[in-house]
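[1] Sequence first, predicted model second:
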Protein chains: 2
Amino acid sequence: MELATIRDVAKRAGVAVSTVSRVINQSGYVGGETQRKVLSAMRELNFQPNRIARGLVSRQTSTIGLLIPDVANPFFSELSRGVEDAAIARGYSVLLCNSDWNPNRENMYINLLNGRWVDGIIVVGSRSDISVVQQVAAETPLVMVDRRSSDFEFAVWTDNRQGAMLAVRHLLEVGCERIVHIAGPMDSPSAQERRRGYEVAIQEAGMEPMFLEGDFRYASGFELVNALFQRGDVVDGIFAGNDLMAIGALQAAANLGIRVPDNLAVVGYDNIPSTHYVSPPLTTIDQPAYDMGYSAFELLYDRLSKDSPTENQQMKFEPKLVLRESTRR
Amino acid sequence: MELATIRDVAKRAGVAVSTVSRVINQSGYVGGETQRKVLSAMRELNFQPNRIARGLVSRQTSTIGLLIPDVANPFFSELSRGVEDAAIARGYSVLLCNSDWNPNRENMYINLLNGRWVDGIIVVGSRSDISVVQQVAAETPLVMVDRRSSDFEFAVWTDNRQGAMLAVRHLLEVGCERIVHIAGPMDSPSAQERRRGYEVAIQEAGMEPMFLEGDFRYASGFELVNALFQRGDVVDGIFAGNDLMAIGALQAAANLGIRVPDNLAVVGYDNIPSTHYVSPPLTTIDQPAYDMGYSAFELLYDRLSKDSPTENQQMKFEPKLVLRESTRR
DNA sequence: GACAAGATAGCAAGCGCTTTCACCTGCTTG
DNA sequence: CAAGCAGGTGAAAGCGCTTGCTATCTTGTC
């Protein structure tokens, strides 16, 4: 069955196309009787305005692009929910783009989104060359999440450095004397900041920093910690760059018969749901993923709806230490 | 900076608009020299064809809608990745829609997507009135995931009944004598099928079925099992309708000092990543979420690219029992 | 009773692209 | 040598909608 167009509706209702358009958009003057006729013609034909055509003339699509590394990662999937809930509340849809942490794929998506396909873009945890992102930002409103830069006016972020320091200081408080950091990949800005926070806090305590570089995935936490202990290194505290790697570390320790928290204290980062139910439950640094996503959209929406730049352009969330069994002593 | 249109490119290259269009689409005849001029004009103006305008005339958007209950649920986020990876490989983008298990929200999205916004739709785990969904299916190609119905020609699914029977028979094998089922919500078709499978397997064994109805979320598993044991019911096996509820059950048992698997065996459903690292690791029924998503897109793509209906319209995946510690005896 | 202002509706010009059709050139054919 | 055809290009007609402009008809006001 061919779909009805505005022309069909107009014909059926015996009015002009522009009149139908007015009742659809509730703009301009339309008489009561006319409106009724149009409405019922619309219903009879099961008319749905073509969003594409509409987008062409109005120059907006009520769609935004969400570019994240990986929805299958709990932190990002939670954040996505926040974005989507905020978007739907304002009548927007979201186009999902997984970069898989791959700068090429990220660039490809950025270019794709740039083709007047979306009204705005939210980029989360980007590792791309900042100039590419900026080029887009010149043409399409963009909000950066989790990567602060003086170059982006619109951003939501948490103080990763501060968060890392919270984690390390906590490990020190519970008496750790040799704390290793399982860092995220070094091309990730937030991984870098966390690493820096770790370094500062460790040096404050007069200790020697020690890093292992993972990739933010479960397996890398497992393997790095496994190798670490196999080598016979003496370590009594681990601060992982995210929860997934921390959980990997927990597993590796359990396999080797190392008792957590007694012989090894572990702290993660993100506070994903699994941290509740691993054994032992994981102490971690909370990042309010859902709220960050929600706010990112709101920021974008502000930018989209007002011509003048908003005053509220940056939104900072505070990382919080969440105490659980993995560091209880 | 105003974005360049195809007209600007044509003017700069000193050719007609139609010629530019030909080089963009690599269709028709274009001379070597002309092509070079157009290409360089495109580059100089940083031209990107407007996808909206293009969509209007070509009647396709290279975008599909993905309607799922909740991306924050690991099963669905994994499935989403599958869909997205398959889509990108074919040059498609995906519009993410979370229904939150809410039929109203689901209908709203279905209507939205129906506005010629997407070329096709993948609906996962729908609980909506089937007639609404079908009405869309008449206008937009649609693939159903996890809900089989003779009414939908295109579907990917697993045999939930069979999966549930696998789970229950396993519990019987390890010696359980009183097995309760924590079911998913009864308006979910897959929850119903699993429940039915449980029922059949239990009756085969000459036992009495016993149900509790949850909502597929962690908290409901926790609370139901907690209440169950608080009431003093004697139960030595639990088959949960999904892993999240099973993990909740595990936690409740741990809190009450009930030892798993010794005094209580637990089986989940889905095989989400967390099942590896809960304690004890959870025996579960594997559903290949990623592959299901991937296949769902491929099915849709087939349908989209060929006019004639494909032969391969249904795709069935086999549920598999995954043995872990939570039932080891 | 004349007239400005408000209500109501139609006409037509695009939005940026694709695609048909017509037209040109220069060769190959029977 | 007329006809046919592949190669190359442009003009123009839309795709389905919004919107500025115009034309008509009601009102209310002095």
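    Yep, it's here. Note that the structure is predicted; figures quoted are calculated from it, not measured. Numbering: from 1, shown residues only, chains lettered A, B, ... in the order given.
[2] Where does pLDDT dip in chain A?
    In the predicted model, chain A carries pLDDT under 70 at residues A:1-2, A:151, A:307-312.
[3] what's the domain layout of it?
    A:1-44, A:63-158+A:289-317, A:160-287 (the TED database).
[4] As a markdown table, those with mean neighbour count and distance to chain B would be great.
    Glycine gets a C-beta too; all of them are placed from N, C-alpha and C. Putting those into a markdown table (neighbours: other CB atoms under 10 Å in any protein chain shown; distance: least, CB to the nearest CB, whole Å) gives the following:
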| stretch | mean neighbour count | distance to chain B |
| --- | --- | --- |
| domain A:1-44 | 15 | 6 |
| domain A:63-158+A:289-317 | 20 | 4 |
| domain A:160-287 | 21 | 3 |
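[5] And those: which comes nearest DNA strand C?
    domain A:1-44 (3.0 Å; CB to the nearest atom of the strand).
[6] right, is that closest one up against DNA strand C?
    Yes: judged by CB under 7 Å from any atom of the strand, domain A:1-44 and DNA strand C are in contact via A:14-19, A:28-35.
[7] Going by distance to DNA strand D, which of those wins?
    Of these, the one sitting nearest to DNA strand D (CB to the nearest atom of the strand) turns out to be residue A:18, at 3.0 Å.
[8] Provide the secondary structure category for that closest one.
    Under DSSP: H, G, I helix; E, B strand; the rest coil, residue A:18 falls in the helix class.
[9] and residue A:327, which of the domains of chain A is closest to it?
    domain A:160-287 (4.2 Å; CB to CB).
[10] Check what contacts stretch A:214-232 and list those residues.
    A:73, A:101, A:180, A:182-185, A:188, A:191, A:212, A:235, A:238, A:240-242, A:244-249, A:251-253, A:255-256, A:258, B:273, B:277 (CB atoms under 8 Å, 6 or more residues apart in numbering or on different chains).
[11] From those residues, which land in strands?
    Among the contacts of stretch A:214-232, the ones falling in strands (DSSP state E) are A:180, A:182-183, A:212, A:238, A:240.
[12] Mind picking the two most distant members of these?
    Taking CB to CB, no two of those sit farther apart than A:183 and A:238, at 11.4 Å.
[13] what's the next secondary structure element after the helix or strand containing residue A:67?
    Residue A:67 belongs to strand A:63-68 when assigned by DSSP states H and E. Reading on from strand A:63-68 to the C-terminus, the next helix or strand found by DSSP H and E is helix A:74-89.
[14] what's the spacing between that following helix and its chain's center?
    From the chain centre to the centre of helix A:74-89 is a distance of 8 Å (CA atoms, centre = their mean, to the nearest Å).
[15] Adjacent strands (with direction) for the next helix or strand after that helix?
    Once helix A:74-89 ends, the next helix or strand along the chain (criterion: DSSP H and E) is strand A:93-98. The pairing partners recorded for strand A:93-98 under DSSP bridges are strand A:63-68 (parallel), strand B:93-98 (antiparallel).
[16] relative to helix B:74-89, how tilted is the last one?
    Meaning strand B:93-98. 160 degrees (axes from the mean of the first three to the mean of the last three CA atoms, to 10 degrees).
[17] Going along the chain, name the strands of the stretch 201-329 of chain A.
    Along the stretch 201-329 of chain A, the segments classed as strands by DSSP state E, counting those that start in this stretch run A:211-213, A:237-240, A:265-267, A:284-286, A:314-317, A:320-322.
[18] Nearest approach to DNA strand D belongs to which of the ones you listed?
    That would be strand A:314-317 among those, by CB to the nearest atom of the strand, at 30.9 Å.
[19] Name the strands paired with the closest one and say parallel or antiparallel.
    Partners of strand A:314-317 in the sheet, by DSSP bridges, are strand A:155-158 (parallel).
[20] what about the partner strand, distance to the chain center?
    Worked out by CA atoms, centre = their mean, strand A:155-158 lies 10 Å from the chain centre.
[21] neighbouring contacts of that strand?
    Contacts of strand A:155-158 (CB under 8 Å, 6+ apart): A:143-149, A:287, A:292, A:295-296, A:299, A:313-319.
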